[in-house]
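In: here's my sequence, what's the structure:
(one chain, ligands or ions: 3)
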Amino acid sequence: MPRTLGWRPSRLIQVRRPIAAITRPTKPFFSPPASVSPFSLTKTYLTESIRAHQARKMAPQLDSYFQKVDSLSDHFIDRLRQAVAIPSISSEAARRPDVVRMGQWLADELTKLGATVELRPLGKQEGTDLDLPPVVLARYGNDKNKRTILVYGHYDVQPAEKSDGWDTEPFDLTVKEDGRMCGRGATDDKGPVLGWLNAIEAHKAAGVDFPVNLLMCFEGMEEYGSDGLEELVMAEGKKYFADADAVCISDNYWLGTERPCLTYGLRGCNYYSVEVSGPGADLHSGVFGGTAQEPMTDLVRILASLVDTDGKIQIKGIAEQVAPVTPEEDGLYDDIAFTMETLHESLGSKTTIFEDKKKTLMARWRFPSLSIHGVEGAFSNPGAKTVIPAKVIGKFSIRTVPDMEIEKTNQCVYDHVNEVFKKLGSKNTMKVYAQHCGKWWKASPNHWNFAAAAKATERVWGMKPDFTREGGSIPITLTFEEATGKNVLLLPMGSSTDGAHSINEKLDKKNYIEGIKLLGAYLHYVAEEPMNA
Ligand SMILES: C[C@H](N)C(=O)N[C@@H](Cc1c[nH]cn1)C(=O)O
Ligand SMILES: [Zn+2]
Ligand SMILES: [Zn+2]
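Out: Ligands and ions are numbered 1, 2, ... in the order given. Coordinates of the predicted model:
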């Protein structure tokens, strides 16, 4: 049976916990105006004063931290080079030892930095004899007077071969003169994961107190649907992650190339296979063409029935599940820093479905899409092989949005594919099933976690961030929210032109180095945000 990452009701509970400066002010740092009686020093008043004090204290600390990040930048790039050199492709069985090696490398780096690290085995990959790569769980700092932030990232990557069209070797980080650092995983997600490690190192080197306790959870199967992780996160919600005050994930991208963003929504992803088989073995098309019913002929017809040229899904019952656009939402899109020109740049062409920004953003964030990814078993090499493939497996996925339901969507897909195949009247055999499904996620950005990230963004990038939703999926985000009951923030490092999952994936040096500053600054602002913001 295909596995689905199911949905559980959200348990968002705010726990107010004192921070160091509130419980142990070392000296008076605030004198109330004469008109204020000491008896009227309310909690709010006190909190404001503490914030003002901490903001003054934080400025020089952050400056020292930023300077150290700059001076260690070559070392941080070298760390990324070492990580990229390990081809940790989770979807290829033959690369599983590399994924495991990558997890071990990460654990070793964290241990060297002084973190307490555990490698948690996840058992076997469903339906196979393959061991899943371990989850790296780590803790840096255990000070009861500090807030605790739980961060998540993944150390596995998408497949990559130079012959796919890369300009450079995908697993050899190449730093170009214009600052592009090309290599598989540079932006998705090795650069951001190392961002947390680098933030720890720069604090230590600068002699700046680390402002929070950091809990880390790094997995090695994200690009394959986070196999095995949901159970672990649910089980550890009130154990390993028990003292987390909020969650931060850096595994998505800015909407463009100029303005940073904070992200509060993700689409879900239901990934399907359609298998068509007939002949006992691959056949000579000269001998059997016109004689045998061909699986590939059936499959292309099924795939062609799913979606039209303008991306409109042709499956009954999908559009009906999508939440209507509210007047409030309708007004959100105009102010977002996004242009069709930037989109054309990241797309590498002008072949967009829509000509205007709002429709394009809505199509990416709040409407479902269906993509056809490939066909297993079909001839795909250069040349002209005259073969009739005996068995072909088409792969497609639907990016899901509020209020779509996983099971209902699966049923609509199965009914549609079965009906189309029946109408073909083919003697071949067809099977359709979901490989993995992850639910969409949408949170409220009205929380101190987002407020801290917005302040850090202004401090590092000198501008306010956009509040965005993401077209991609990070299946475990919702699980973290449910398991911890805490707010989850997505804080991206890379930009829209990074080419994640594509050829020539890159992370700009500027985004990496400023991104390390951003992650560190975010932790400082987290430490000073009042809990009820
Ligand atoms: C946004 C994130 N960096 C990412 O690339 N996620 C993948 C995860 C995935 C793979 N199968 C289903 N979800 C994505 O959005 O494709
Ligand atoms: Zn990712
Ligand atoms: Zn990815």
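In: what's the separation between the nearest residue to Asp403 once chain neighbours are set aside and Glu376?
Out: Leaving out its chain neighbours, the residue that sits closest to Asp403 by Cβ to Cβ, 6 or more residues apart in numbering is Ala323, at 4.7 Å. Where you see a C-beta, it was placed from the backbone N, CA and C, and this is true even at glycine. Remark: distance between Ala323 and Glu376 (Cβ to Cβ, to the nearest Å) = 34 Å.
In: in the one helix or strand Glu514 maps to, which of the residues would be classed as buried?
Out: Using DSSP states H and E, Glu514 sits in helix 509-528. Neighbour-count burial for helix 509-528 flags 509, 511-528 (criterion: 16 or more other Cβ atoms under 10 Å).
In: quick one on the thing from earlier: what's around the residue nearest to Asp403, how many residues?
Out: For Ala323, the count of nearby residues is 12 (other Cβ atoms under 10 Å).
In: now do the one 4 residues further on
Out: Around Pro327 sit 6 other residues, with neighbours defined as other Cβ under 10 Å.
In: roughly how far does Asp466 sit from Ala93?
Out: Distance from Asp466 to Ala93, by Cβ to Cβ: 40 Å.
In: name the residue in these two with the higher neighbour count.
Out: Neighbours per residue (other Cβ under 10 Å) separate Asp466 from Ala93, with Asp466 holding more: 18 against 11.
In: contact residues of this structure facing ligand 1?
Out: Selection of the chain residues close to ligand 1 by Cβ under 6 Å from any ligand atom yields 188-189, 222-223, 225, 251-252, 269, 271, 438, 472-475, 500.
In: on that earlier part again, now do the helix holding Glu514, average pLDDT.
Out: The average pLDDT for helix 509-528 rounds to 97.
In: on contacts alone, who are the packing partners of that helix?
Out: helix 43-71, helix 73-84, strand 180-182, helix 191-206, helix 448-461 (3 or more Cβ pairs under 8 Å, 6 or more residues apart in numbering; DSSP states H and E).
In: nearest to ligand 2, of the ones you listed?
Out: helix 191-206 (8.3 Å; Cβ to the ion).
In: beta partners for Lys391?
Out: Beta-bridge pairing of Lys391 under DSSP bridges involves Ser277.
In: measure it to ligand 1 for me?
Out: 23 Å (Cβ to the nearest ligand atom, to the nearest Å).
In: so that residue makes contact with Val276?
Out: Yes - the criterion here is Cβ atoms under 8 Å, and Lys391 meets it with Val276 at 7.2 Å.
In: the more surrounded of these two?
Out: The neighbour count for Lys391 versus Val276, taken as other Cβ under 10 Å, is higher for Val276 (30 against 20).
In: for Val274, give me its contacts.
Out: 299, 302-303, 393-394, 396, 417, 430-432 (Cβ atoms under 8 Å, 6 or more residues apart in numbering).
In: let me fix that: Ala378
Out: 296, 389, 392.
In: quick check: residues of this structure near ligand 2?
Out: Proximity of the chain to ligand 2 is confined to 188-189, 251 under the rule Cβ under 5 Å from the ion.
In: dump those residues to TSV, plus pLDDT, secondary structure and neighbour count.
Out: Putting those into TSV (pLDDT from 0 to 100; DSSP: H, G, I helix; E, B strand; the rest coil; neighbours: other Cβ atoms under 10 Å) gives the following:
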residue	pLDDT	secondary structure	neighbour count
Asp188	98	helix	28
Asp189	98	helix	28
Asp251	97	coil	26
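In: buried stuff in stretch 221-237?
Out: For stretch 221-237, by 16+ other Cβ under 10 Å, it's 221-230, 232-233, 236-237.
In: ligand 2: which of those is nearest?
Out: Glu222 (5.6 Å).
In: could you list which residues are in contact with the closest one?
Out: So Glu222 contacts 90, 154, 156, 189, 251, 474-476 (Cβ under 8 Å, 6+ apart).
In: beta-bridge partners for the residue in the stretch 301-450 of the chain positioned nearest to ligand 2, please?
Out: Of all residues in the stretch 301-450 of the chain, the one sitting closest to ligand 2 is Gly438 (12.4 Å; Cβ to the ion). On the basis of DSSP bridges, Gly438 is bridged to Cys269.
In: same question, Val307
Out: Ile313.
In: any quick PyMOL command for the buried ones out of the contacts of Val274?
Out: Restricted to buried positions by 16+ other Cβ under 10 Å, the PyMOL selection for the contacts of Val274 reads:
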select buried, resi 299+302+303+393+394+396+417+430+432
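In: out of the contacts of Val274, which sit inside helices?
Out: 299, 302-303, 417 (DSSP state H).
In: now, which of those sits nearest ligand 1?
Out: The closest of the ones in helices among the contacts of Val274 to ligand 1 turns out to be Leu303 (Cβ to the nearest ligand atom; 18.5 Å).
In: in this structure, where is pLDDT below threshold?
Out: Residue ranges of the chain with pLDDT under 70: 1-57, 59, 531-533.
In: and the gap between whichever residue of the stretch 201-350 of the chain sits closest to ligand 2 and Val526?
Out: Of all residues in the stretch 201-350 of the chain, Asp251 sits closest to ligand 2, at 4.2 Å by Cβ to the ion. Distance of Asp251 to Val526, given as Cβ to Cβ: 18 Å.
In: where does Glu223 sit: helix, strand or coil?
Out: helix (DSSP: H, G, I helix; E, B strand; the rest coil).
In: what's the distance between it and Val100?
Out: Distance from Glu223 to Val100, by Cβ to Cβ: 15 Å.
In: then Ser88?
Out: 8 Å.
In: who has more neighbours, the two?
Out: When Ser88 and Val100 are compared for neighbours, Ser88 comes out ahead with 29 against 18, by other Cβ under 10 Å.
In: need the contact list for the nearest residue to that one once chain neighbours are set aside.
Out: The shortest distance from Ser88 to any non-neighbouring residue, by Cβ to Cβ, 6+ apart, is to Met102 (3.7 Å). Under the criterion of Cβ under 8 Å, 6+ apart, the contact list for Met102 reads 83, 86, 88, 133, 155-156, 220.
In: so which helix or strand takes in Met102?
Out: helix 96-112.
In: which SSE is immediately downstream of that helix?
Out: Assigned by DSSP H and E, the successor of helix 96-112 is strand 116-120.
In: ok, and what's touching that following strand?
Out: 103-104, 107, 110-111, 134-140, 232.
In: cool, stretch 306-319 as well?
Out: Residues contacting stretch 306-319 (Cβ under 8 Å, 6+ apart): 305, 353, 363, 368-370, 372, 396, 398, 404, 408-409, 411-413, 415-416.
In: same check, this time on stretch 406-420
Out: Residues contacting stretch 406-420 (Cβ under 8 Å, 6+ apart): 4-7, 268, 270, 272, 274, 301-302, 305-306, 314-318, 321, 398, 400, 430, 432, 434, 437, 439.
In: now the residue in the chain that ligand 1 sits nearest to: closest residue in space, sequence neighbours ignored.
Out: Using Cβ to the nearest ligand atom, the single residue of the chain nearest to ligand 1 is Gly472, 3.3 Å away. Residue nearest to Gly472 in three dimensions, not counting chain neighbours: Asn252, with 6.2 Å by Cβ to Cβ, 6+ apart.
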